[in-house]
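Enquirer: How does the following fold in three dimensions:
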Amino acid sequence: SRLIVGYSVKDTSFITTPRRQNNPVKIPIMRIKNETIVCKWTLTGLIDAIEFEVNKPLLLHGLILYGSDSLPYTYKIEVKLLSKSKTALAHVSEKRITESTKVFHVNFDEPCNITPNERYTAWVKMSGPKCYRGDYCDCVDYKDFIFKFFNSNESTTSTNVTYGQIPGLLCCLEE
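Expert: Sure, this is the predicted structure:
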């Protein structure tokens, strides 16, 4: 049943499906509590990884990563989003990123649907100059979206729930 100019119309010839926006608003979900003042996180091609889950469905567009204070800087980088079974849901093949900001975004080719209360792993392999690092909260609440972060066995660096790289997630929140 639809409402057309004040009249209720029962019509089965039209099936409405929600439309995705062409340019959805990407919200940075930052898990930072404190940032280090100097660049001292060493990037030698090891894996920085963190697990997360959220209580509501959303689209994950990419990751937010720390950069350097040497401007401009260049990193060799590879990024993955892994499911609980370690299947790659998104993969940004190894490429060079040249930026001149303290943090930068790495966007997936296509956004990933994130299912509520399932764990995912944000996986990053970077090499290049030293970068900033942060101290983190293990839970972030943003407009009734509750993000929980966990240590990952995929991490071969000191990145964990409270310390290291991967300061945020780039999300489109479906409300």
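Enquirer: give me the element residue 97 is part of.
Expert: Assigned by DSSP states H and E, residue 97 belongs to strand 88-99.
Enquirer: top strand in this structure by residue count?
Expert: Counting residues, the longest strand in the chain under DSSP state E turns out to be strand 41-54.
Enquirer: Tell me the helix or strand right after that strand.
Expert: strand 58-66.
Enquirer: Check which residues of that next one are buried.
Expert: Going by neighbour count (16 or more other Cβ atoms under 10 Å), the buried part of strand 58-66 is 58, 59, 60, 61, 62, 63, 64, 65, 66. C-beta here means a position set from N, CA and C on the backbone, and glycine is covered the same way.
Enquirer: residue nearest the centroid of the protein?
Expert: Centroid-nearest residue in the chain: residue 169, 2.6 Å away (criterion: Cα atoms, centre = their mean).
Enquirer: Please list all residues in contact with it.
Expert: Residue 169 makes contacts with 28, 29, 52, 60, 62, 63, 64, 122, 147, as judged by Cβ atoms under 8 Å, 6 or more residues apart in numbering.
Enquirer: quick one: which of these is nearest to residue 173?
Expert: residue 29 (8.7 Å; Cβ to Cβ).
Enquirer: What's the local residue count around the closest one?
Expert: Neighbours of residue 29 under the rule other Cβ atoms under 10 Å: 19.
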